[in-house]
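*Asks:* Have a look; sequence and predicted model below, questions after that.
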Amino acid sequence: MNNIYNFSAGPAMLPKEIMLKAQNQLLNWNNLGVSILELSHRSTEFIYFFKKCIENLRYLLNIPKEYTILFCHGGARGQFSAIPMNLLNQQDTTDYICSGFWSQAAAKEAKKYCYVNVINIIQKKTCGNISLIPMKEWPIQNNSKYIHYCPNETIEGIAIEEEPIWFQNRKIIGDFSSTLLSKEINIKKYAMIYASAQKNVGVSGLTIVIIKKELLCLNNKFIPSILNYSTLYNSQSMFNTPATFSWYIAGLIFKWLINLGGVKSIEKKNNKKSSYLYHFIDHSKFYHNNIEKKYRSKMNVTFDLKNKELTNVFVKEAIEYKLLALKGHVARGGIRASLYNSMPFSGVKKLVKFMSLFEQKYH
Ligand code: PMP
């Protein structure tokens with residue numbers, strides 16, 4: 001088991017020590033004689049744990065006090081509906097920046113609730129490479145209520161690393177599902193950010209929303225209560241029974257990250273992992289990544305084999321070499337290696353070794 005590496009995009013690998021800890025505590029959490037799985041979310045112990053969890057997340061991401069943290073249901077897709085419902089009226093207009101699958105999906109959902117100006121920022125170069133329209137040239141409308149974008153497109157492996165610039169005081173909303181906690185974020189640049197948990201935060205079932213408190217006030221009575229930010233805020237994210245186990249794992253991950261030296265320290269490790277893999281790809285005549293360097297994701301490294309017919313053989317032989325889940329998403333094809341916080345450098349080294357052996361065998 002020890003030298004198996006799981007490159008899944010999500011649900012993704014977890015640190016082994018976290019799983020061992022959860023296993024150890026499973027039957028008897030906090031010496032209560034019961035499992036976390038059977039403990040009431042209203043119990044003093046769980047509420048204490050949750051408060052600590054929020055405190056740790058606030059510390060890790062340096063979240064200012066004008067922002068609140070909501071633990072929600074329904075995944076990031078749930079937020080695709082919740083955002084326009086909470087922040088807009090039907091006659092309002094918004095800008096959705098599209099840089100890949102997930103930002104497009106967010107725009108498509110928002111169209112049910114408001115006027116959406118879809119801004120496609122992907123540029124195909126004549127050489128076939130993918131680039132993006134730089135942020136300062138995004139054609140934002142004069143009257144939009146917010147700008148939504150996705151800083152890390154998990155499927156294509158496209159990232160927008162720069163912080164949001166000044167868009168005439170426009171509210172900026174970011175889908176950080178595949179990048180939250182992997183690098184420092186200047187939260188103050190955003191009105192709201194959100195992320196589902198199953199990549200860097202823990203296991204599926206939890207969606208984190210970090211939002212400026214002043215935005216909680218629009219009280220549209222047609223918003224389903226479970227998606228209503230004011231309702232969630234007023235009930236400390238416990239309007240209904242929360243996904244307690246997902247919250248618990250997230251709490252363990254936050255502590256783990258703090259012990260590792262926080263987000264700054266994991267960011268350095270993440271940079272090292274992705275640079276190592278991209279460097280290998282860029283120096284190979286056998287593999288290819290077609291995204292302009294400055295827009296490449298550090299979390300989801302996508303690439304193709306020059307001979308595409310070898311893709312399935314690559315995935316199959318990788319599994320035999322104990323490297324799992326390298327097959328690209330069906331919407332993109334090719335190969336994708338997700339290098340979230342839990343992936344150690346040794347995993348990336350092993351992947352590069354395999355890629356090199358595979359190249360020698362089939363070139
Ligand atoms: N946004 C991004 C960037 C994602 O990577 C994903 C899931 N892979 C989603 C949204 C959808 O998340 P969920 O499945 O939790 O709704």
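*Replies:* Everything's here; your move. Since this is a predicted model, take the numbers as computed values, not measurements.

*Asks:* can we go C-alpha only for contacts and neighbour counts from here?
*Replies:* OK.

*Asks:* tell me what the helix ranked longest in the chain is packed against?
*Replies:* Scanning the chain for the helix with the most residues, using DSSP state H, yields helix 262-282. Under the contact definition 3 or more C-alpha pairs under 8 Å, 6 or more residues apart in numbering; DSSP states H and E, helix 262-282 sits against helix 44-61, strand 287-288, strand 300-305, helix 345-362.

*Asks:* what's the neighbour count on E109?
*Replies:* 18 (other C-alpha atoms under 10 Å).

*Asks:* So it versus the ligand, what's the distance?
*Replies:* Distance of E109 to the ligand, given as C-alpha to the nearest ligand atom, to the nearest Å: 12 Å.

*Asks:* show me the contacts for that residue.
*Replies:* Neighbouring residues of E109 by C-alpha atoms under 8 Å, 6 or more residues apart in numbering: 80-81.

*Asks:* Output the helix or strand hosting it as CSV, nothing but the C-alphas.
*Replies:* Assigned by DSSP states H and E, E109 belongs to helix 101-110. Extracted in CSV, the C-alpha atoms of helix 101-110 (Å, rounded to 0.1, in the frame of the first residue of the first chain):
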residue,chain,number,x,y,z
PHE,A,101,-15.6,23.6,-18.0
TRP,A,102,-16.4,24.7,-14.5
SER,A,103,-16.7,28.4,-15.1
GLN,A,104,-19.0,27.6,-18.1
ALA,A,105,-21.1,25.4,-15.9
ALA,A,106,-21.4,28.2,-13.3
ALA,A,107,-22.5,30.6,-16.0
LYS,A,108,-25.0,28.2,-17.4
GLU,A,109,-26.7,27.7,-14.0
ALA,A,110,-26.7,31.5,-13.3
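
*Asks:* From the chain's centroid, how far away is the strand or helix carrying I83?
*Replies:* Here I83, judged by DSSP H and E, is contained in helix 75-87. Its chain's C-alpha centre and that of helix 75-87 lie 15 Å apart, by C-alpha atoms, centre = their mean, to the nearest Å.

*Asks:* Report the inter-axis angle for it versus helix 101-110.
*Replies:* Calculated by axes from the mean of the first three to the mean of the last three C-alpha atoms, to 10 degrees, helix 75-87 forms an angle of 40 degrees with helix 101-110.

*Asks:* gap between the two ends of stretch 185-196?
*Replies:* 16 Å (C-alpha to C-alpha, to the nearest Å).

*Asks:* Buried residues of it, list them for me.
*Replies:* Buried positions in stretch 185-196, judged by neighbour count with 16 or more other C-alpha atoms under 10 Å: 185, 187, 190-196.

*Asks:* Then stretch 140-159?
*Replies:* Buried-residue list, stretch 140-159, by 16+ other C-alpha under 10 Å: 140, 144-159.

*Asks:* near the ligand, from those?
*Replies:* Near the ligand, judged by C-alpha under 6 Å from any ligand atom, the entries from the buried residues of stretch 140-159 are 153-154.

*Asks:* Could you list the low-pLDDT ranges of the chain?
*Replies:* 1-2, 218-219 (pLDDT under 70).

*Asks:* Outline the domain layout of it.
*Replies:* 5-17+262-362, 31-259 (automatic domain parsing).

*Asks:* Compile these into a markdown table and extend it with columns for distance to N24.
*Replies:* Shown next, in a markdown table, are the domains of the chain (distance: least, C-alpha to C-alpha, whole Å):
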| stretch | distance to N24 |
| --- | --- |
| domain 5-17+262-362 | 10 |
| domain 31-259 | 10 |
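
*Asks:* isn't I172 right up against C150?
*Replies:* No - I172 lies out of contact with C150 (C-alpha atoms under 8 Å); the separation is 10.6 Å.

*Asks:* How about the residues of the stretch 1-150 of the chain by the ligand?
*Replies:* Residues of the stretch 1-150 of the chain lying near the ligand (C-alpha under 6 Å from any ligand atom): 75-77, 102.

*Asks:* what sits against L257?
*Replies:* 60, 263, 266 are the contacts of L257 under C-alpha under 8 Å, 6+ apart.

*Asks:* Is it possible to get those out as JSON lines so that each row also shows neighbour count and distance to F358?
*Replies:* Formatted as JSON lines, the contacts of L257 follow (neighbours: other C-alpha atoms under 10 Å; distance: C-alpha to C-alpha, whole Å):
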{"residue": "L60", "neighbour count": "19", "distance to F358": "40"}
{"residue": "V263", "neighbour count": "23", "distance to F358": "35"}
{"residue": "I266", "neighbour count": "21", "distance to F358": "30"}
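
*Asks:* right, and the secondary structure at G174 would be what?
*Replies:* strand (DSSP: H, G, I helix; E, B strand; the rest coil).

*Asks:* can you tell me how far it sits from T311?
*Replies:* In terms of C-alpha to C-alpha, G174 sits 33 Å off from T311.
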